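> Here is the input, now give the coordinates:
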Amino acid sequence: MQICSVCSEHTPKYRCPACKIRYCSLGCYKNHKDSCLPVVSEVTEAKDSFYTERTEEDLLHEEDIIDKVPLEKLQLLGQSNEMRDLLYNPHLRQLLRSIDSADVKDEAMKAAMQEPLFVEFSDQCMKLTAKGRDDS
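Sure thing, here's the model as predicted:
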């Protein structure tokens with residue numbers, strides 16, 4: 001189980017967008033932000049090389065994953081009123097945070113799939129991205 005990188009006392013619920021450390025509260029974030037060392041240049045370089053130097057064929061062989069959803073299709077999720085309505089549910093947001101912070105993500109996903117709310121969320125994600133693929 002992870003602990004807050006700032007206070008080292010509680011389970012972290014959040015991640016710093018600049019340096020990616022995990023923290024548990026607004027107080028910890030405020031303490032952290034003054035000493036935060038963003039990893040922007042490394043991330044930017046990594047993103048640039050990821051998008052410019054690799055071909056689709058390289059990506060497929062890199063992880064042997066055939067079905068990847070392009071960024072344009074994923075952006076449909078952010079434009080969906082149905083997704084927005086689902087994400088207003090605090091229980092769903094907690095499920096998503098627990099998956100994100102899990103050490104063993106596949107086990108966390110299997111557990112979440114036992115929750116009807118998470119299944120509804122997953123189905124909506126699939127519906128929107130499949131719809132986006134059909135439009136291409």
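
> Now residue 15, what are its backbone angles?
Phi and psi for residue 15, reported as degrees, to the nearest 10, are phi -130, psi 130.

> my guess is it contacts residue 28, does it?
No. Residue 15 lies out of contact with residue 28 (CB atoms under 8 Å); the separation is 11.7 Å. Bear in mind the C-beta positions are built from the backbone N, C-alpha and C, glycine included.

> mind giving me the domain split of this structure?
1-36, 71-131 (the TED database).

> lowest-confidence stretch among the ones you listed?
Mean pLDDT is lowest for domain 1-36 among the domains of the chain, at a mean of 84.

> hang on, the earlier thing: which residues are common contacts for residue 15 and residue 28?
Shared contacts of residue 15 and residue 28, defined by CB atoms under 8 Å, 6 or more residues apart in numbering, are absent.

> Compare those two and say which is more crowded by neighbours.
Counted by other CB atoms under 10 Å, residue 15 and residue 28 do not tie: residue 28 has more neighbours, with 23 against 15.

> For the more buried one, which non-adjacent residue is spatially closest?
Here the nearest residue to residue 28 in space, its sequence neighbours aside, is residue 6; by CB to CB, 6 or more residues apart in numbering that works out to 3.8 Å.

> from what I can see the one you found touches residue 33, true?
No. Taking CB under 8 Å as the contact criterion, residue 6 and residue 33 are not neighbours in contact, 10.0 Å apart.

> Which residue of the two possesses the greater neighbour count?
Here residue 6 and residue 33 are compared on neighbour count by other CB under 10 Å; more neighbours surround residue 6, at 22 against 13.

> Quickly note the distance from residue 97 to residue 108.
Residue 97 is 10 Å from residue 108, where distance means CB to CB, to the nearest Å.

> centroid residue for this structure?
Nearest to the geometric centre of the chain sits residue 100, at 6.6 Å (CA atoms, centre = their mean).

> Could you check which helix or strand contains it?
Element membership of residue 100 [criterion: DSSP states H and E] is helix 90-101.

> so who does residue 95 touch?
112, 115, 117, 118.

> Tell me which of those residues fall in helices.
Where the contacts of residue 95 overlap with helices, as defined by DSSP state H, the overlap consists of 112, 117, 118.
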